[in-house]
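Peer 1: predicted structure and sequence below. I'll ask about it afterward.
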Amino acid sequence: MSQHNKGERCTKLTSCMCSRCCLCRPCIFERRSRTMYDGLRGRLAAKKWKSGKRQGEIRREKIDIPYTLEQFRGWLTVVLEDTPACEYCREPIDILTISPDHQIPVSRGGSLERDNLRGACVKCNTRKGKLTGKEFMFLRKCVDTMPEAARSDIWKRLGGGIKFMGGKKPVAVAETVKSRNVLAIPAPKSDELF
């Protein structure tokens, strides 16, 4: 049973009193924050070769997270109370829709520290991939200048992975939309990005 309810049932379900079935805000926050933290720990765990000559050998060392679950929950609380909107698209986020994002990806030398974390929605975090926050905002600005059909196709490809690469052509928009030639926009220098 969850500790926040001081021995009283915190769920409306009469058949179960455990915190796994509870739908109150503290229980949902506790479960979701642990899931996100454990997911990060799993992605940073040591990886071993599964087959071949090197089977069982470590191919990537374990990377330790520099903060505890309680510190992560503190960061989540601050983000969800102070700025409950996605860092990139400004859509509202809550504990069920937040997807912590590294402003500078760890794969590109970014820190695992909490000051590199940003509150993003799942769509933006998936679309961003290994781009930095500034690069992703530049991409968003470029894609926003395109016609709706092209915008939709690009976001679908970036968000859906390999299943959207190829296949059917995007459906044309009924009305004509004026667009600028995106190829004519000069690529920015790294210090000129947002």
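Peer 2: Right, received. Where do you want to start? Residues are numbered from 1 along each chain as shown.

Peer 1: what is the neighbour count of K48?
Peer 2: Residues within reach of K48, counting by other CB atoms under 10 Å, total 12. For every residue, glycine as well, the C-beta is placed using N, CA and C.

Peer 1: ok, now S111?
Peer 2: 13.

Peer 1: P92 too?
Peer 2: For P92, the tally of surrounding residues (other CB under 10 Å) stands at 9.

Peer 1: for it, list each beta-bridge partner.
Peer 2: The bridge-partner assignment for P92, based on DSSP bridges, gives A85.

Peer 1: can you pull the contacts of it?
Peer 2: Contact analysis of P92 by CB atoms under 8 Å, 6 or more residues apart in numbering lists 84-86.

Peer 1: confidence score at it?
Peer 2: You'll see P92 listed with a pLDDT of 95.

Peer 1: I'd like to know which elements the lengthiest helix in the chain is packed against.
Peer 2: Longest helix in the chain, counting residues (DSSP state H): helix 25-43. Here helix 25-43 touches helix 69-82, strand 98-102, going by 3 or more CB pairs under 8 Å, 6 or more residues apart in numbering; DSSP states H and E.

Peer 1: ok so, going back, ok, of the contacts of P92, which come out buried?
Peer 2: Buried by 16 or more other CB atoms under 10 Å: C86, out of those.

Peer 1: just confirm K53 is within a helix.
Peer 2: No - judged by DSSP: H, G, I helix; E, B strand; the rest coil, K53 forms no part of a helix; its state is coil.

Peer 1: burial measure for it, as a count.
Peer 2: 6.

Peer 1: and the pLDDT for it?
Peer 2: 93.

Peer 1: now C121
Peer 2: You'll see C121 listed with a pLDDT of 94.

Peer 1: beta partners for it?
Peer 2: With DSSP bridges as the rule, C121 is bridged to I98.

Peer 1: residues near it, how many?
Peer 2: Using other CB under 10 Å, C121 has 21 neighbouring residues.
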